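J.: Next comes the sequence, and after it the predicted model I'd like to discuss.
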Amino acid sequence: MEVIFLGTSEATPTAEKNQSAVLLIHNGEQILFDCGENTQRQFKIAKLNPCKITRILITHWHGDHILGLPGLLQTLALNNYSKTLKIYGPKGTKNFMGKILGMFMFVESIKTEVHEIDENGPFLETETFTIAAYKMKHMAPCLAYSFVENDKRKINLAYIKKQGLKPGPLLGELQLGKDVRFKNKIIKAKQATQIRKGKKISFMLDTSVNENCVKVAKDANLLISEATFLEKEHADKAKERGHLTAKQAATIAKKAKVKKLILTHISQRYAKNNQVILQEAKKTFKNSELAKDFMKIIL
C-alpha cells in the first residue's frame with residue numbers, strides 16, 4: 001500500500017507546493033483524495049498514470065480541493081479512460097459535479113458514477129478494504145475518510161511444512177479460514193494460519209476540532225491531517241476559518257492512538273519556515289512528519 005502526496009498546500013499554492021491531492025494505491029485500486037488545481041500535472045511530474053485512478057473521494061467543495069477536476073476529467077477522456085470513474089463526496093456533490101460537467105465543451109467524455117454521503121460510518125466495502133466517512137466541522141459540508149484493509153489470513157509456513165502440505169488449492173482453503181483434510185488428517189485453519197490485521201489510513205484534510213476527529217482516526221497506522229495554523233499565533237484564525245492548528249492535529253493523533261501523523265495543508269504564511277508547524281506538533285505527538293509534494297509512504 002502506497003500513499004503519494006500530489007499537493008500539500010492550503011488554499012493558495014506556493015512555488016513548492018500544489019493544492020490538496022493525495023493518492024492511495026492498494027491492490028489494483030488507485031484512489032485520489034481531493035483534486036486541487038493542476039493535479040493532472042502533478043501526476044505527470046510524479047510519473048504516474050492518471051488513467052489508473054479508480055475512485056475520487058472529495059472531502060468538500062472549496063476550490064482548493066476540487067479545481068483540478070475539470071482538467072483531470074478531460075485528460076482521462078483524451079487518453080481513452082475505459083473505466084467508470086466513481087466519485088464520492090458530501091451532500092451536494094451530484095449538483096456540483098453536474099455544474100462542472102456542464103461548464104465546458106469537453107472534447108471527449110468518460111463515464112462517471114457520483115455518490116453522495118450523508119451518514120457517518122462505512123459506505124464502501126469490497127473484498128479487500130472498507131472506507132468510512134465522518135462529518136467534519138468546516139465552512140462547507142465536509143467529510144474525513146478512513147481506509148481500512150480487511151484482515152488477512154497468513155499461512156504459517158513452518159506448520160504447513162511440518163504437515164507436508166505444498167502450494168495448491170488446500171492452502172487457498174486454509175486462507176479462507178476453512179479446515180482441510182490432508183492424508184486422512186484434519187488440518188485446522190486456526191493452527192495453519194495467522195490473522196494479519198489490516199492497516200488503516202485516515203484522511204482529515206479540512207476541519208476544526210469536533211468529536212468525529214478522534215473517531216475517524218482511531219488506531220490508524222497513518223493519520224494525514226491538515227494543520228493550517230500555529231496554535232500559539234493563530235488559534236483564533238483556525239477557529240474562525242474552520243481549521244486545525246498543529247497542536248490540535250497532534251492532540252487528535254495522541255487521543256486516537258495513531259501510529260504516525262503526517263501534517264499537510266499548511267498556510268502559506270509559514271512558507272519560509274514551515275518547520276515551526278512540525279515543531280509545535282512534535283511537542284504533543286512525537287511521531288509527526290511534515291508532508292511535501294511527491295513524498296511517498298509505503299505501508
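T.: Now that the structure is in, tell me what you want to look at.
J.: give me the number of residues near V180?
T.: Here the number of neighbours of V180 (other CB atoms under 10 Å) works out to 19. In this view, the C-beta of every residue, glycine as well, is placed from N, C-alpha and C.
J.: Just list whatever residues bridge to the closest residue to L143 other than its chain neighbours.
T.: Spatial nearest neighbour of L143, chain neighbours left out: A133 (4.6 Å); criterion: CB to CB, 6 or more residues apart in numbering. Beta-bridge pairing for A133 (DSSP bridges): G121, Y145.
J.: Okay, helices next: where are they in this structure?
T.: Under the criterion DSSP state H, the chain contains helices at 39-45, 63-66, 69-78, 93-103, 157-163, 169-175, 189-192, 212-217, 231-241, 246-256, 275-282.
J.: got the buried residues for the fifth one?
T.: The one in question is helix 157-163. For helix 157-163, burial by neighbour count (16 or more other CB atoms under 10 Å) applies to I160, Q163.
J.: and it, average pLDDT?
T.: Mean pLDDT, helix 157-163: 85.
J.: Mind listing residues that contact that helix?
T.: L171, F182, K185, I187, Q191, A192 (CB atoms under 8 Å, 6 or more residues apart in numbering).
J.: got the residues you listed as a markdown table, with neighbour count and distance to Q279 columns?
T.: Formatted as a markdown table, these follow (neighbours: other CB atoms under 10 Å; distance: CB to CB, whole Å):
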| residue | neighbour count | distance to Q279 |
| --- | --- | --- |
| L171 | 16 | 50 |
| F182 | 14 | 58 |
| K185 | 9 | 60 |
| I187 | 20 | 54 |
| Q191 | 13 | 50 |
| A192 | 23 | 49 |
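J.: Those residues: which two are farthest apart?
T.: L171 and K185 (15.4 Å; CB to CB).
J.: Good, we can wrap up now.
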